[in-house]
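sequence plus the predicted model coming up.
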Amino acid sequence: MPANGSPTIRRRRLGAELRRLRRAAGMTSQQVAGRLLVSQSKISLLETGRRAINPRDVRDLCELYGVTDQSLVAAMMRMAEESGRQGWWVAYGDVPYGVFVGMETEAASIHAYEPLLIPGLLQTPAYAATVIEETNPHFTAEEAATHLELRLRRQHRAHHPARLLRLWVVLDESALHRTVGTADVMREQLKHLNRLSAQPHITVQILPHSAGAHPGVSGQFSILTFPGGDAGVVYLERYTSGLYLEKPADRRPYHFIYDHLQAKALGPEQSRRFIRDTIRIHTRPS
C-alpha cells in the first residue's frame, strides 16, 4: 500500500484495506462492532475514510481479522499515524467541504458537470469573490476573504507542474449567461475560461440550451479518480456539506450520465467559439 500525500486519501486507502481484510475474515461490520464494543457506524466511518483511525485500532482490527503478516500490520499502523496529520486546508478554519478539498488535492483526474456557475478551479478572483459573497449572505467580510483565499489556493492543484490534474468540465450554457457581478467581471471570467481550456490537460465543453432535456438537469456532480488504482468517488455538492458515492453500483450511473453529457455537448473547439460569442453578449450595452 503506497503512501499518499493527503491524510484524506491515506484514510480512504487504509479504510479500504481494512474493509478487504474484514470481508476476507468473513465478518460483518456489525459483528466487528460487537467484538470491539464500539458502534457499527464507527466501523463504517473508518472503512470509508471519514474518521481518523489510530494505530492501536489498526492493530486490534488486524488481530481480530487474523492477519499474520506483521509487515502489513506495521505498514497500516504507519499509515494510520500519518493519516492523523492535518491537511493544508485546515489552516483556513472549519471548512465544510474539507474532505472534498483533500480528495481534490490528490486526484489524478476530475470530470465535472456544472449547470449554473463556472467551476471553482476555473474561476477568476473577481468572479470567485462575487460567488462566495452572494451565495453566502451570512458570511462576514473576514469569512468571505478566507474562503476566497482558500478557493484560489485550491486552483494551484490544476496547474501543479509535477503532476498536472486532468480536468474535464461539461458546462451548461446557463453558466455563461448568468451575470455574476458586473459585465466586466463576466467578460474577464469567460476570457479566462477560454485561455484555460486551451491547455492540454484542461477540457471544457459547453452543453447548449438547444441540447434540450438531459440527465444532468438533476444537478452538479464530479467524478474523481486517484493514482495507485483507487476506485474513485462521485461527489455531489450540497450547501454546507457534500455526498460521496463510493460503491460501484452508486458510481456507475454517473459515469454513464457523464458520457451522455459529453456526447450531447459541443466539442472543445466549438465550445471555445461559443464562449467567444457569449463574451460579445456581455459586451452589449444593457
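Now that the structure is in, tell me what you want to look at.

how near is residue 277 to residue 258?
Computed as CB to CB, to the nearest Å, the residue 277 to residue 258 distance reads 25 Å. Quick note: C-beta positions are derived from backbone N, CA and C, even for glycine.

so if I had to pick from these two, which one is more boxed in?
Between residue 277 and residue 258, residue 258 has the larger neighbour count (other CB atoms under 10 Å), namely 21 against 11.

the more buried one against residue 207, yeah?
No - assessed by CB atoms under 8 Å, residue 258 is found out of contact with residue 207, at 11.4 Å.

joint contacts of the two?
The contact sets of residue 258 and residue 207 overlap at residue 170 (CB atoms under 8 Å, 6 or more residues apart in numbering).

tell me the secondary structure for residue 194?
Following DSSP: H, G, I helix; E, B strand; the rest coil, residue 194 is assigned to helix.

sorry, that was for residue 223
In the three-state summary, residue 223 is assigned as strand, counting by three-state DSSP.

residues near residue 64, how many?
As a burial measure, residue 64 scores 16 neighbours (other CB under 10 Å).

separation between it and residue 164?
Taken as CB to CB, the span from residue 64 to residue 164 is 42 Å.

over to residue 67?
Taken as CB to CB, the span from residue 67 to residue 164 is 37 Å.

then residue 133?
On the measure of CB to CB, residue 133 and residue 164 end up 31 Å apart.

the helices in the protein, which residues?
For the chain, the helices defined by DSSP state H cover 7-24, 29-36, 40-47, 55-64, 70-83, 98-106, 125-135, 141-154, 173-177, 183-197, 248-264, 268-283.

pull out the buried residues from the longest one.
Right, helix 7-24. 7-19, 21-22 (16 or more other CB atoms under 10 Å).

so where's this structure uncertain?
Residue ranges of the chain with pLDDT under 70: 1-9, 84-87, 228-231, 240-241, 284-286.

how does it look with 50?
Counting by pLDDT under 50, the ranges of the chain that qualify are 1-5.

my read is that residue 165 contacts residue 110, right?
Yes - at 6.5 Å, residue 165 counts as touching residue 110 under the criterion of CB under 8 Å.

who touches both of those two?
Common neighbours of residue 165 and residue 110, using CB under 8 Å, 6+ apart, are residue 121.

so who does the closest residue to residue 261 other than its chain neighbours touch?
When the adjacent residues along the chain are set aside, residue 261 lies closest to residue 170, with 4.7 Å between them (CB to CB, 6 or more residues apart in numbering). Shown in contact with residue 170 (CB under 8 Å, 6+ apart): 111, 112, 113, 114, 205, 207, 216, 258, 261, 262, 265.

looking at those, state which has the most neighbours.
Neighbour max across those (other CB under 10 Å) = residue 113, 27 neighbours.

bridging residues for that one?
As for beta bridges, residue 113 partners with residue 170, residue 221 under DSSP bridges.

ok so, going back, who wins for proximity to residue 220 among the helices of the chain?
Residue 220 lies closest to helix 173-177 among the helices of the chain, at 10.3 Å (CB to CB).

name the residues that touch the closest one?
If you take CB under 8 Å, 6+ apart as the criterion, helix 173-177 is touched by 114-118, 190, 206-209, 274-275, 278, 281.

rerun at 10 Å
Helix 173-177 is contacted by residues 114-119, 169, 186, 189-190, 193, 206-211, 265-266, 271, 274-275, 277-279, 281-282 when judged by CB atoms under 10 Å, 6 or more residues apart in numbering.

next one: the nearest residue to residue 255 once chain neighbours are set aside from residue 256, what distance?
Nearest residue to residue 255 in three dimensions, chain neighbours excluded: residue 223, at 6.6 Å (CB to CB, 6+ apart). With distances taken as CB to CB, residue 223 is found 11 Å from residue 256.

then residue 115?
From residue 115 to residue 256 the distance is 18 Å (CB to CB).

those two: which has the busier surroundings?
Ranked by neighbour count (other CB under 10 Å), residue 115 and residue 256 place residue 115 first, with 18 against 11.

where does that one fall, phi/psi-wise?
Backbone dihedrals for residue 115, given as degrees, to the nearest 10, come out at phi -90, psi -20.
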